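Novice: The following block contains a protein sequence and its predicted model.
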Amino acid sequence: MFGEQLIEEIRKKGLVGRSGSCFNTADKWQAVLDAKGDKKYVIANGAEGEPDTSKDFYVMYNHAEDLVRGIILAMHTVGAAEGFLYMREAYHDLMEKKYNNLLKGLPITLFTERPGGYRCGEESTLLNVIERKRAQPRNKPPFPTQKGLWGCPTLINNVETIYTAEQISKGAYQHTRYFTIGGKVKHPGVFLAPEKISVKDLLIITDNEPRGKTFAQVGGGASGEIIIDDDYSRKITGLSAVTIYSEDDVNYLIKKWADFYRRESCGHCVPCREGSYRIYEMTKSNQIDWNELKDIIEVMDKTSFCALGRAIALPYRSLLASGLIKQKVKV
């Protein structure tokens, strides 16, 4: 199954992007199919730069043939003549030989950047990287579906999204997805589970129920939301990662986020470049003015050029709302 029949089946199944964007997959495929252009491209994005996530690695390592078939199906469906599979540097080094063998004779290029990074998860930044330009985001609109790689309509999907579309094409999709579980659990790893499962139920079925008082970061180790254990009945949305912490991990986590965003900012816009560095300075000195930090993340959220600068707000806001920070913060 491919073409408009596959798009319609993807729509019926309700598939959304599994990079954390949750954008309707059928709508994106239809937009590229309908776009006018002499040439079109498909890109499977395996950057997976979010800390504490490894479900895309799991798909690429364990389901390589299905992923390649998914890229080919996407190309046939939207009318693309050429495809790309982007992998972060560490993944590329581990799987280059396997994929070079699988892609032999196919119009699909395996691609990486050295050094790669979190920012390549942003689709317009990835376009610039493949075009050998500076790794920074582009203005939108136009969107990649209209004007993407070398100015041509381009479909960019996370590798798990394309793999799942391939499963839909052959009737194997069971409304499941892959979840990364880490932190203070007995069995860290990647698990297949119902896509609308709660944190609590996921921990139960994977034999990872924590003991004692804990909290979780849900959605990735940088941009994910902090929830306390009383809220583990909440459904997991966005990027499907759950990391469990004990209450004495709060200071470590605050520094981890600050260092990550400082390193990964491309420096393209002032709010992200200066804001992430100022937060890093505060955490490094162990003298955090939480009211000042709250002001900084508000500015970054409202004025950063791309999603990376805006993503910093959720973990800090949710941490402040959780009650795990004892210092009084003005609201």
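Specialist: Everything's here; your move. Nothing here was measured: the structure is a model prediction, and the numbers come from that model. Numbering: from 1, shown residues only.
Novice: which residues in the stretch 151-300 of the chain form helices?
Specialist: Using DSSP state H, counting those that start in this stretch, the helices found in the stretch 151-300 of the chain span residues 159-169, 199-205, 250-264, 270-285, 290-303.
Novice: who's in contact with the fourth one?
Specialist: Residues outside helix 270-285 that contact it (C-beta atoms under 8 Å, 6 or more residues apart in numbering): 254-255, 258-259, 261-262, 265-267, 288-289, 292-293, 296-297, 299-300, 303-306, 308-309, 312. The way it works is simple: take the backbone N, C-alpha and C, and place the C-beta from them, glycine included.
Novice: Convert the C-alpha atoms of it to CSV, please.
Specialist: This file holds the C-alpha atoms of helix 270-285, laid out as CSV (Å, rounded to 0.1, in the frame of the first residue of the first chain):
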residue,chain,number,x,y,z
VAL,A,270,20.1,36.6,21.3
PRO,A,271,17.4,35.3,23.7
CYS,A,272,18.6,31.7,23.5
ARG,A,273,22.3,32.4,23.3
GLU,A,274,22.5,34.8,26.2
GLY,A,275,19.7,33.3,28.2
SER,A,276,21.0,29.8,28.2
TYR,A,277,24.5,31.1,29.2
ARG,A,278,23.1,33.2,32.0
ILE,A,279,21.2,30.2,33.4
TYR,A,280,24.4,28.1,33.2
GLU,A,281,26.4,30.8,35.1
MET,A,282,23.8,30.8,37.9
THR,A,283,23.8,27.0,38.3
LYS,A,284,27.5,26.8,38.1
SER,A,285,27.9,29.3,40.9
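Novice: Make 20 the first number, not 1, from now on.
Specialist: All right, first residue 20 from here; so that's helix 289-304.
Novice: re earlier: mind giving me the ChimeraX select for the contacts of helix 289-304, buried ones only?
Specialist: Applying 16 or more other C-beta atoms under 10 Å to these leaves a buried subset, and the ChimeraX line that selects it is:
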select :273,274,277,280,281,284,285,307,312,315,316,318,319,323,324,325,327,328,331
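Novice: beta partners for Leu129?
Specialist: Beta bridges link Leu129 to Leu104 when assigned by DSSP bridges.
Novice: okay but it is in contact with Asn119, surely?
Specialist: Yes. Using C-beta atoms under 8 Å, Leu129 makes contact with Asn119 at a distance of 6.4 Å.
Novice: Give me the contacts around the worst-scoring helix or strand of the chain on mean pLDDT.
Specialist: The helix or strand of the chain with the poorest confidence is helix 326-330; it has a mean of 82 (mean pLDDT, DSSP states H and E). Contacts of helix 326-330 with the rest of the structure, by C-beta under 8 Å, 6+ apart, involve 137-138, 141, 241-242, 280, 283-285, 288, 290-291, 294-295, 319-320, 323.
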